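Student: The sequence and its predicted three-dimensional model are supplied below.
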Amino acid sequence: MKRILTSCVFLLAGFAAAQAQNYQTGKRTSNFTDPARANRQVSTDLYYPADVAGNNVPIAAGTVQFPVVVFGHGFVIGTSSYERLADSLTKYGYIAAFPSTEGGILPSHDNFGKDISFLSTAIIAAGNNASSFLYQRVIPKAAVGGHSMGGGCSFLAAATGNPAIQTIFNFAAAETNPSSTSAASSVNKPALIF
């Protein structure tokens, strides 16, 4: 456990150290389409490093590439509740995605876990798409995390075997259906759990 915690902390610190500049926060709300799930629309609040804070502003100038963090919200908690976390992440050079799916009273944990995993790959793919504002600006590695329900679903996401997911972090992870506890036993990634 100590080795896993140390690995996770070094991975996150390494990304932060690589991005020595403090950035402003840009924000866009985007819909990503998952063709593997009948073109499921995954609405996402996307926060990213920018030179000027604001909605729909350009990504920070330069050629620096940024790692991806996908964070799942808690049960019936809107993504706007995590704006301070998003601002903290983007300030140090992370692209932070907060899917707003499964926000109702009867969420599908299975779909939310798959949304988190899908976004890890979709945002990295956007970095390879010349028509995306993220073109050539994304490190092909992702961390997944969440709070409460989203924390449990981050284990479901990591259990999909998505190679883009390199680490997990979450706050007060809740049990889900399917079981995040069972999923966690099959995940062999560094994890930081609060």
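Tutor: Cool, got the structure. On a predicted model such as this, the values are computed, not experimentally measured, just so you know. Numbers count the residues shown, from 1 in each chain.

Student: residues contacting the residue nearest to Gly127 when sequence neighbours are not counted?
Tutor: Setting aside the residues directly before and after it, Gly127 is nearest to Val138 in space (CB to CB, 6 or more residues apart in numbering), at 2.8 Å. (Each C-beta comes from the backbone N, C-alpha and C, glycine too.) Contact criterion CB atoms under 8 Å, 6 or more residues apart in numbering gives 65-68, 95, 123-124, 126-128 as the residues in contact with Val138.

Student: just Gly103 next, same as before
Tutor: Contacts for Gly103 (CB under 8 Å, 6+ apart) come out as 73, 76-78.

Student: What about the spatially closest residue to Ala36 that is not a sequence neighbour? Give its phi and psi, please.
Tutor: Distances taken as CB to CB, 6+ apart place Phe118 nearest to Ala36, at 7.7 Å, with adjacent residues excluded. Geometry field for Phe118 lists phi and psi as phi -60, psi -40, criterion degrees, to the nearest 10.

Student: Against Ser131, how distant is Val70?
Tutor: Val70 sits 22 Å away from Ser131 when distances are taken as CB to CB, to the nearest Å.

Student: okay, and the helix or strand of the protein with the least pLDDT?
Tutor: Ranked by mean pLDDT, DSSP states H and E, the weakest helix or strand in the chain is helix 2-18, scoring a mean of 48.

Student: Name the residues linked to Gly26 by a beta bridge.
Tutor: Here Gly26 sits in beta bridges with Tyr48, Gly54, going by DSSP bridges.

Student: My guess is Gly74 contacts Ser148. True?
Tutor: Yes: Gly74 sits in contact with Ser148 when judged by CB atoms under 8 Å, with a separation of 3.5 Å.

Student: what sits in contact with each of the two?
Tutor: With contacts defined as CB under 8 Å, 6+ apart, the residues shared by Gly74 and Ser148 are Ala174.
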